[in-house]
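Undergrad: Test case, fold it:
(chains A and B)
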Amino acid sequence: MRGMGVDMATLKERTQIRTDSIEGRIPKRVFVFARFSLEAACGYAGVDLAKAHYDMELTEKAFESICKDFYSDALPVGNIRFPAPYQILGARNWVMGSNGAVQHPEIVTMEADEYDEYIANPYDAIVEKFLPRACPELDTDPANRSLVLGKAYRSFKKYSEGTRAVCGKLAAKYGLVPGFITGELIEAPFDFLADQLRGFKEINIDLRRRADKVKAACEATLPLMLKRAVPPVIRPGQINYIPLHLAPYIKMGDFEKYFWPTLEELVNGMDKAGVACTLFAEEDWTRYAEYLARLPKSAILMFENGDCAKIKATAGKDHLIGGFFDPTITLTRSKEECIDEAKRLVDICAPGGNFYFAFDKGIMDIKSVDVPKLQAVLEWVSVNTNY
Amino acid sequence: MADVLAIKQAVGDLDEGSVTEKLNAFIASGPGEDEVQAVVAACQQGMEIVGEKFGEGEYFVGDLIFAGELLTDCIDMLKPLLGGEVGGSRGTIVLGTVEGDIHDIGKNIFRSMSEAAGFHVVDLGIDQPPSAFVAAVEEHKPQIVGMSGVLTLSIDSMKRTVEALQEKGLRGGVKVAIGGNAVSQESCQYIGADAWSKNAAESVKTCGGWV
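TA: Below is the predicted model:
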């Protein structure tokens, strides 16, 4: 299979295609950015996920099996959700399911009557009140809190640096270039408020009962997100990642008033500082495509669902877009039908450039796809999408 | 006598201020039990309006969440007038988020809407293995099994759950409805479920047609 082993010409070509895609030139062919989680990689490689979470050799074995057997121009593996630091913190906002996958459950760390306190001083409120609620091991005396935080940070560094080393090694071995996520993970201020403080249910109730507080809280959150998004020293080619969450679940009017303004300001702020970002539009963002089109061109877009033709004609005109391809169709359709679906997507989105091929979301469970058919789709895109 | 149509419409419009005002006036009028039952039914019918507006793209998931909250508040206001009991049961649904998935928002929306529609719901919770569904079906003898999942890994768990019901000879006795971000017509077919939806209100309507 192509993609196995490195040769300089391939690496050079991939780098050029990636650079052309980012800089708005029509590349030689469509860039392939496949994404598999550690869970999926372990399932494919027959590696015990529970062990791989704590063992970099097993992580490497799992990741390598994906790099070896699935075509992708970008490194198709990575991980940021390490259970060990979360377990040290006793985290309630990231927990492991019975199958070993680390997930974000619904939690409320800020009560409705604490909005004013948060708006007045968000950082203090997070550190002093909400973080100890999200991570009960921090809810202790200052001396022990320091020890817990120190242990958790050390653990995070161990696994994040270990994963980075594994990824670097595999990228070099298989001639894989970075995808479009190379920097910090940031949230839209509204999503941060919803996901980390109020919860999905409560934020939707707040929008009807205390919408003015929601707006003020988003504005109070913006500087914190910007601070994280723009570090003092910006790495060359830094592309932050913003997984967008709540917008598809609310009304257009609420989006315009409460969700969009601080997200736009965040992306503009990054752009001004010279930091690009990739926004992952979870669910269907078709009705917001005109808004996304207004973002600076440094914003790369990744879509889960939606009307790809409409999005191509709006947000995809000046921005690099990708996504839309649902790999689970490989379970129920023939190989030819799966390739036809990829071709349909490419025919709509690729003309004129500004398109890369990606799944609708990273594959989390290898059993949710038919491996040979998925391999055939990736292979087809890599050889049949010349401009 | 309460204006049940106005109450139904106010619930459907998710106009909390108007609903509360109308129910307070109704409660203050000292209604009889039949009248209270009629108003409970009006509130439940308001959910049908919510479901329609969701189907038409006027409402979104956030509105369904608020609708569930509003309906719970309405029933809580009316319950004391009925000695704490509201309505009978249209049937039983065994409900849960499938193995490996810990998301419960969609499940909870479906639960509150199906309870509002008069179903008795046995909620197994999150991350439930096939054996838990099998045990609950054996114990509660439901007409319907509802499975929820957000992550793609839930497709495999749902399939295994249907297979487990099949192996125990229980599949024929129940209808299986699946919901959540992960489901589609194709995954429904693959899983072997009877119906799928991302619209909780539509799923409740489907369940209503089964009993």
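Undergrad: Quick check: which ranges of chain B have low pLDDT?
TA: B:1, B:84-88 (pLDDT under 70).
Undergrad: and it, which residues reach chain A?
TA: B:14, B:16, B:59-63, B:65-66, B:69, B:99-105, B:108, B:126-127, B:129, B:151-153, B:155-156, B:181, B:184, B:186-187, B:189-190 (CB under 8 Å from any CB of the partner chain). Any C-beta I mention is one placed from the backbone N, CA and C, and that applies to glycine too.
Undergrad: got the contact list for the residue sitting nearest the centre point of chain A?
TA: The residue lying closest to the centre of chain A (CA atoms, centre = their mean) is residue A:243, at 5.0 Å. Neighbouring residues of residue A:243 by CB atoms under 8 Å, 6 or more residues apart in numbering or on different chains: A:185, A:187, A:191, A:280, A:282.
Undergrad: Reformat those into JSON lines and put neighbour count next to each item.
TA: Formatted as JSON lines, these follow (neighbours: other CB atoms under 10 Å in any protein chain shown):
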{"residue": "A:185", "neighbour count": "12"}
{"residue": "A:187", "neighbour count": "24"}
{"residue": "A:191", "neighbour count": "23"}
{"residue": "A:280", "neighbour count": "22"}
{"residue": "A:282", "neighbour count": "21"}
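Undergrad: Nearest to chain B among those?
TA: residue A:282 (8.6 Å; CB to the nearest CB).
Undergrad: Hmm, residue A:249 and the closest one touching each other?
TA: No - proximity of residue A:282 to residue A:249 does not meet the contact threshold set by CB atoms under 8 Å, at 9.5 Å.
Undergrad: Contact partners for residue B:119?
TA: Counted by CB under 8 Å, 6+ apart, residue B:119 has contacts B:89-93, B:144, B:204, B:207.
Undergrad: hmm, 7 Å instead?
TA: Going by CB atoms under 7 Å, 6 or more residues apart in numbering or on different chains, residue B:119 touches B:89-91, B:93, B:207.
Undergrad: Select only the buried ones of the residues you listed in PyMOL?
TA: Selecting the buried subset of those in PyMOL, with 16 or more other CB atoms under 10 Å in any protein chain shown as the burial test, is done by:
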select buried, chain B and resi 90+91+93+207
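Undergrad: Need the contacts of residue B:119 in TSV (columns: secondary structure).
TA: Converted to TSV, the contacts of residue B:119 look like this (DSSP: H, G, I helix; E, B strand; the rest coil):
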residue	secondary structure
B:89	coil
B:90	coil
B:91	coil
B:93	strand
B:207	helix
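Undergrad: For the helix or strand hosting residue A:266, give me every contacting residue.
TA: Assigned by DSSP states H and E, residue A:266 belongs to helix A:260-273. If you take CB under 7 Å, 6+ apart as the criterion, helix A:260-273 is touched by A:188-190, A:218-219, A:222, A:225-226, A:229-230, A:234, A:240, A:277, A:291, A:295-296, A:298-299.
Undergrad: Packing partners of the one helix or strand residue B:115 maps to?
TA: Assessed by DSSP H and E, residue B:115 sits inside helix B:105-116. Using 3 or more CB pairs under 7 Å, 6 or more residues apart in numbering or on different chains; DSSP states H and E, the elements in contact with helix B:105-116 are helix B:33-55, helix B:61-78, strand B:92-97, strand B:120-123, strand B:144-148, helix B:200-210.
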